[in-house]
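Colleague: Here is a sequence with its predicted model. Questions after.
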Amino acid sequence: MKKWIVLVGGIILQMVLGGVYAWSAFVPSLVAHHSLTNRQAGLIFGVTIAVFTVAMVPAGRLLQAFGPRVTGGIGALLFAAGYFVASFSGGHFPIVLIGIGGLTGIGIGLGYVCPLTVSMKWFPNNKGLVTGVAVAGFGGGAILLSAVIQFLLTTAQWSVLDTFRLVGTVFGAIALGAALLLSEPDKSAQKDTGHAMPTAKLTSHVFTRTFGLLCFGMFVGTFAGLLVVGNLKPILLGSGLNGNSAAWGISIFALGNTAGRIIWGHVHDHFGTRPSVLLSLVTLGIALIPMTFALPASYLLVAVAVAGLGFGGCFVVYASSLVQHFGIHLFPHLYPLCFLGYGLAALIAPGLGGWISDRTGSFVPGLSLSASIVFLALVVIALSFPEAGAPAGDDTGSPVVRPRVWRPSGIHK
């Protein structure tokens, strides 16, 4: 029974933290009432994601030292504190950036790592499933928060600063309560499904072609996805959609993102790394093309859903691929490094999309740039990724003994 309580607590915590993907719902009000530019609004979102990814590195050590309740609880408090700081900012860009980009970003990083780690310990035979469920919760959080933001800003006529304060109070309290439900099983109950390998050999894996291409794919996929989600509401408003339809677009992207985190896990289980990476990039690239045209709302929202589907794959396909090629014992060391590609994309893409819009009056050039980068990456990975079954370190032609790795049932080489 306790493991299910931990799993539910982890999902709730992830949903609260995943509300960061609803950021673009705030953007029109910040631009209209507090004179922020689209570039500044996009940069706040990008810094939040970047800080979140960097904070995951020390979060793992805090988790080992103090456990999930303390680590997750601190994350929840920082998450709330960031929104509180922003609510008293008067709309000044530097203070909002420090509050949400800095404090909330750190809080998300500390909280994010807890459910993933403890869920895999409680469900050692279903690591892939519980990981997919947990990250799906993170992807789905924007559905709830975007609905709350839309109601408060439009129907209830709240100011954006008051809305920040409510998010910090209510959602911060929910996150703290969820963190207190987390715990680790007794060590005697945990199963060791990995095989130890000296971490001194880590660099021998980091500089392989396989790892480099996986990091490249993570960067490109999240670059395109973050440029969209960080500016989604103004993108849809610029395409002619009304405010309600544009707000629905945030929830629809989140639904696609959530579904993608589960669907792509099954795709990877059945087809392996290379096909799933290529197919996820194709899905994302194709979805970006209709968004550059002024199409009817129904077509645009379908494209948004497919873009969310492709974006969600980034958080499953590359994690599963690292386990397949390098083993679960190296996953905690390699995944944060690969995840930094997501942080780098966050620093660049949302702000770049906003800056292009400020300069040109349209998000179309930014979307076109994203689609071009995705298709370029598709070609590079298709031509360069090692054939299925090739050793991960076999980039020089020298024979490499591949470490024994854990694979979820159903994965085929």
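Modeller: It's in. Numbers count the residues shown, from 1 in each chain.
Colleague: Break this protein down into its domains, please.
Modeller: If the domains of the chain are taken from automatic domain parsing, they occupy 1-191, 193-413, with pieces of a single domain joined by a plus sign.
Colleague: Dump these to CSV, plus mean neighbour count and mean pLDDT.
Modeller: Glycine gets a C-beta too; all of them are placed from N, C-alpha and C. Formatted as CSV, the entries for the domains of the chain read as follows, by neighbours: other CB atoms under 10 Å; pLDDT from 0 to 100:
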stretch, mean neighbour count, mean pLDDT
domain 1-191, 21, 89
domain 193-413, 20, 82
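Colleague: quick one, helices of the stretch 301-413 of the chain?
Modeller: With DSSP state H, counting those that start in this stretch as the criterion, the stretch 301-413 of the chain has helices at 331-360, 364-384.
Colleague: got it, and the stretch 51-200 of the chain?
Modeller: Listed in chain order, the helices of the stretch 51-200 of the chain (DSSP H, counting those that start in this stretch) span 93-96, 105-122, 127-150, 160-166, 172-179.
Colleague: could you say what helices and strands the following helix or strand past the last one packs with?
Modeller: Counting by DSSP states H and E, the element after helix 172-179 in chain order, helix or strand, is helix 202-206. Applying 3 or more CB pairs under 8 Å, 6 or more residues apart in numbering; DSSP states H and E, we find helix 202-206 packed against helix 331-360.
Colleague: re the thing from before, which stretch among the helices of the stretch 51-200 of the chain comes nearest P386?
Modeller: For those, the distance to P386 is smallest for helix 127-150, at 22.3 Å, taking CB to CB.
Colleague: next one: that closest one to chain centre, how far?
Modeller: Centre-to-centre, helix 127-150 and its host chain are 10 Å apart (CA atoms, centre = their mean, to the nearest Å).
Colleague: Report the contact partners of the closest residue in space to A303 that isn't next to it in sequence.
Modeller: Take A303 and drop its neighbours on the chain: the residue closest to it by CB to CB, 6 or more residues apart in numbering is P290, 4.1 Å away. P290 makes contacts with Y299, L300, V302, A303, as judged by CB atoms under 8 Å, 6 or more residues apart in numbering.
Colleague: how near is the second one to F311?
Modeller: Meaning L300. In this structure, L300 and F311 are 16 Å apart, going by CB to CB, to the nearest Å.
Colleague: Make CSV from the helices of the stretch 301-413 of the chain and add distance to G249 to it.
Modeller: What follows is the helices of the stretch 301-413 of the chain, written out as CSV (distance: least, CB to CB, whole Å):
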stretch, distance to G249
helix 331-360, 15
helix 364-384, 14
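Colleague: between the ones you listed, which gets nearest to N125?
Modeller: When the helices of the stretch 301-413 of the chain are compared for distance to N125 using CB to CB, the nearest one is helix 331-360, at 16.4 Å.
Colleague: so who does the residue positioned nearest the centre of the chain touch?
Modeller: Among the residues of the chain, F315 comes closest to the average C-alpha position under CA atoms, centre = their mean, at 6.4 Å. The contact partners of F315, by CB under 8 Å, 6+ apart, come to V135, F138, G139, R261.
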